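Engineer: sequence and predicted model, in that order:
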Amino acid sequence: MSRIGRKAIAVPAGVDVKIEEGNVVTVKGPKGTLTKTFHPRMTIELDGSTLHVKRPTDEKEDRALHGLTRSLLANMVEGVTHGYEKKLEIVGTGYRAAMSGKTLVLNLGYSHDIKMEPEEGISFETPTATNITVHGIDKQRVGEIAAQVRGTRPPEPYHGKGVKYEGEKIRRKSGKAGK
């Protein structure tokens, strides 16, 4: 039996879970609402304040879907209660980020500023000129938007300049051999 899929998901007070026809699960909490359709072979049950995911057989595909479904449900519950955030750092002389209303404005050494509009449910924050925080309730969307911000100027291996995740280690190259 799957160790991850077998774990029950505790639904905290203030979070409402609805399981509809076709395995459409809606999780509503203090931070917002998330809806996702899961594979029809998985059985999702709500017992009081706990969610359980069951699989029909021990086939390889069902075992994989069992853990995946449980993880996605747990991420939805966590997202609507606490939310998710990804932190990014900007390294480089003159590189900086600023907020213009809700728009993130990046100055990364190009001839123009890069403006990024937040999607619905996503917000940006710039505590300092070299730090960016992406907030949201959907873990996948937060990670994807953070990757798009990082992709505007990925860190390069010679000087380490660019946008990187907080705590990310950049493998450095020595450059020219010199004398």
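Structural biologist: In hand now; what should we look at? Numbering: from 1, shown residues only.
Engineer: hang on, L106 is in a helix, isn't it?
Structural biologist: No - read with DSSP: H, G, I helix; E, B strand; the rest coil, L106 is strand and lies in no helix.
Engineer: beta partners of it?
Structural biologist: Per DSSP bridges, the residues bridged to L106 are A97, I114.
Engineer: contact partners for it?
Structural biologist: For L106, the contacting residues are 90, 96-97, 113-116, 149, 152-153, 163, by C-beta atoms under 8 Å, 6 or more residues apart in numbering. C-beta: built from backbone N, CA, C; applies to glycine.
Engineer: from these, which is closest to Y84?
Structural biologist: V149 (14.7 Å; C-beta to C-beta).
Engineer: which phi and psi does that closest one have?
Structural biologist: Reported as degrees, to the nearest 10, the phi and psi values for V149 are phi -60, psi -40.
Engineer: quick one: it and L104 touch, right?
Structural biologist: Yes - with contacts counted by C-beta atoms under 8 Å, V149 reaches L104, the gap being 7.3 Å.
Engineer: find the residues that touch each one of those two.
Structural biologist: In terms of C-beta under 8 Å, 6+ apart, V149 and L104 are both contacted by the residues 116, 132.
Engineer: sorry, back to before: could I have the buried ones of the contacts of L106 as PyMOL selection syntax?
Structural biologist: In PyMOL, a selection of the buried entries from these looks like this (16 or more other C-beta atoms under 10 Å):
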select buried, resi 90+97+116+149+153+163
